[in-house]
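Q: Sequence first, predicted coordinates after that:
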Amino acid sequence: MREVFDSAQLPPSDRLDAYHALMLASRMRAPTMFATDQATDARDGEFRAVLRAMELGAQQVSTMRCTPMRARRTPRLIRQSDPESYAVTLVQRGHQGVEQVGRQALVGERDLVVYSTSLPFDAQAFADGPEPACSVLALVPQSLVPLPPERVEGLLAVPLSGREGVGALLAGFLDQVTASSAGHLPGDGPRLGTVLVDLVTALLAHHLEAEESVPAPSQQNALFLEIQAFVQEHLGDPGLSPGMVAAAHHISVRGLHRLFRRHGRTVSAWIRQQRLDRCRSDLAEPALHLTPVHELAARWGFTDAASFSRTFRATYGVPPGEYRHQVLLGSWHPTSTR
């Protein structure tokens, strides 16, 4: 992510004015950032903020760490510049208050709130204790969300759970895409942007009970991510199988296989590889060096030690015990057949 603003690089007396000016000029810096009037209860020298941003195709995702502050978007600012986007905020630490279309929402950690750049709003970030407030903001063009704007308006400034269901998928995606941005390739941005749009659409449709309005590709992509999250949570269950996964998501086993084929995978092979990856990670963990290999394998759903050993060797080129020995000695050189 590129750094847009860091108050630590400025004299304390200049920080608040500099951030205020940046937000007012943001339409010139990045078309998908919207201008706001800023105010804060903190004196100039106490104001601290770090803003980073990244583009995912036509979408933008930014992270914000700040002392308590307030942002207002007025009709005048909307007339000056409007990216016509939905702003989706994930609160990572602290609280955020949003007022729009006559509603007020106070959103806590791990929850989400949606508001529109095309309508006036008042937003406040609150820190709990000495640590700054932290949040992730995603801007998604309204034109890419295939839901009637008048219906979406009913969800503006409404707290939405980011701890379960589709909300948890979106929250997890925002966490991961911002934390791992340094490893993204140039072509990853548009693809990740498509995933973001699909997840935002799925979240809104879920709360509107309007899934039938979502195009089939978006539904399928959101379902695939939901299934992946389910598998990750149940890797330690020896009974995890295509049948179990399909039943949990109310689809047929045939439909599940078809969904995975679209992504160039098979269900069983992907489950097996996820389990192997977890086992390999545990084998490389010094704190677990006294835990028998078969116990680590069982932790991730491998009930037959001999079968696990053969599968591990076929995938990584060495038996699991030898892999552990080489990694802990620092002499491991990949010979994977994956």
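A: Nice, thanks for sending it over.
Q: C-alpha only now, for contacts and for neighbours.
A: OK.
Q: quick one, longest helix in the chain?
A: helix 188-208 (DSSP state H).
Q: and it, what does it pack onto?
A: Other helices and strands packing on helix 188-208, by 3 or more Cα pairs under 8 Å, 6 or more residues apart in numbering; DSSP states H and E, are strand 49-56, helix 149-152, helix 165-179, helix 216-233.
Q: Out of the ones you listed, which is closest to residue 287?
A: Closest of those to residue 287 is helix 216-233, at 22.4 Å (criterion: Cα to Cα).
Q: Pull the residues that contact that closest one.
A: Residues outside helix 216-233 that contact it (Cα atoms under 8 Å, 6 or more residues apart in numbering): 165-166, 169, 195, 198-199, 201-202, 211, 240, 245, 249, 259-260, 271, 274.
Q: Is there a quick ChimeraX command that grabs whichever of those are buried?
A: A single ChimeraX command selects the buried members of the contacts of helix 216-233 (16 or more other Cα atoms under 10 Å):
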select :166,169,195,198,199,201,202,211,245,259,260,271,274
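Q: Which of the contacts of helix 216-233 sits closest to residue 149?
A: Among these, and counting by Cα to Cα, the member closest to residue 149 is residue 201, at 11.8 Å.
Q: tell me the pLDDT at the closest one?
A: You'll see residue 201 listed with a pLDDT of 92.
Q: Same check on residue 331?
A: pLDDT, the model's per-residue confidence, is 69 for residue 331.
Q: do the same with residue 143
A: 91.
Q: if we can go back for a sec, quick one, which of the helices and strands packed on helix 188-208 gets closest to residue 206.
A: Checking the helices and strands packed on helix 188-208 against residue 206 by Cα to Cα gives helix 165-179 as the closest, at 7.7 Å.
Q: Now do the closest one: which elements does it pack against?
A: Short answer (3+ Cα pairs under 8 Å, 6+ apart): helix 165-179 packs on strand 59-66, strand 111-116, strand 160-161, helix 188-208, helix 216-233.
Q: measure residue 106 to residue 190 for me?
A: 32 Å (Cα to Cα, to the nearest Å).
Q: okay, the helices and strands packed on helix 165-179, which one's buried deepest?
A: Among these, the stretch with the highest mean neighbour count (mean count of other Cα atoms under 10 Å) is strand 111-116, at a mean of 25.
Q: Now it: average pLDDT?
A: 96.
Q: by how many degrees do that strand and helix 188-208 diverge?
A: Interaxial angle, strand 111-116 versus helix 188-208 (axes from the mean of the first three to the mean of the last three Cα atoms, to 10 degrees): 100 degrees.
Q: tell me how far strand 111-116 is from the chain's mean position?
A: 14 Å (Cα atoms, centre = their mean, to the nearest Å).
Q: in the stretch 101-250 of the chain, which ranges drop under the pLDDT threshold?
A: Scanning the stretch 101-250 of the chain for pLDDT under 70 picks out the ranges 210-216, 218.
Q: ok so, going back, would you mind writing the CA trace of the longest helix of the chain as PDB?
A: Provided in PDB are the C-alpha atoms of helix 188-208 (Å, rounded to 0.1, in the frame of the first residue of the first chain):
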ATOM      1  CA  ASP A 188      -3.700  -9.000  -8.900                       C
ATOM      2  CA  GLY A 189      -5.400  -5.700  -8.400                       C
ATOM      3  CA  PRO A 190      -8.200  -6.100 -10.900                       C
ATOM      4  CA  ARG A 191      -8.800  -9.700  -9.800                       C
ATOM      5  CA  LEU A 192      -9.000  -8.700  -6.100                       C
ATOM      6  CA  GLY A 193     -11.200  -5.800  -7.000                       C
ATOM      7  CA  THR A 194     -13.700  -8.200  -8.600                       C
ATOM      8  CA  VAL A 195     -13.700 -10.300  -5.400                       C
ATOM      9  CA  LEU A 196     -14.300  -7.200  -3.400                       C
ATOM     10  CA  VAL A 197     -17.300  -6.200  -5.500                       C
ATOM     11  CA  ASP A 198     -18.700  -9.700  -5.200                       C
ATOM     12  CA  LEU A 199     -18.400  -9.800  -1.500                       C
ATOM     13  CA  VAL A 200     -19.900  -6.300  -1.000                       C
ATOM     14  CA  THR A 201     -22.800  -7.200  -3.300                       C
ATOM     15  CA  ALA A 202     -23.300 -10.500  -1.400                       C
ATOM     16  CA  LEU A 203     -23.300  -8.700   1.900                       C
ATOM     17  CA  LEU A 204     -25.800  -6.100   0.800                       C
ATOM     18  CA  ALA A 205     -28.000  -8.700  -0.900                       C
ATOM     19  CA  HIS A 206     -28.000 -10.900   2.200                       C
ATOM     20  CA  HIS A 207     -29.200  -8.100   4.400                       C
ATOM     21  CA  LEU A 208     -31.800  -7.000   1.900                       C
END
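Q: quick one on the thing from earlier: among the helices and strands packed on helix 188-208, single out whichever gets nearest to residue 101.
A: helix 149-152 (11.6 Å).
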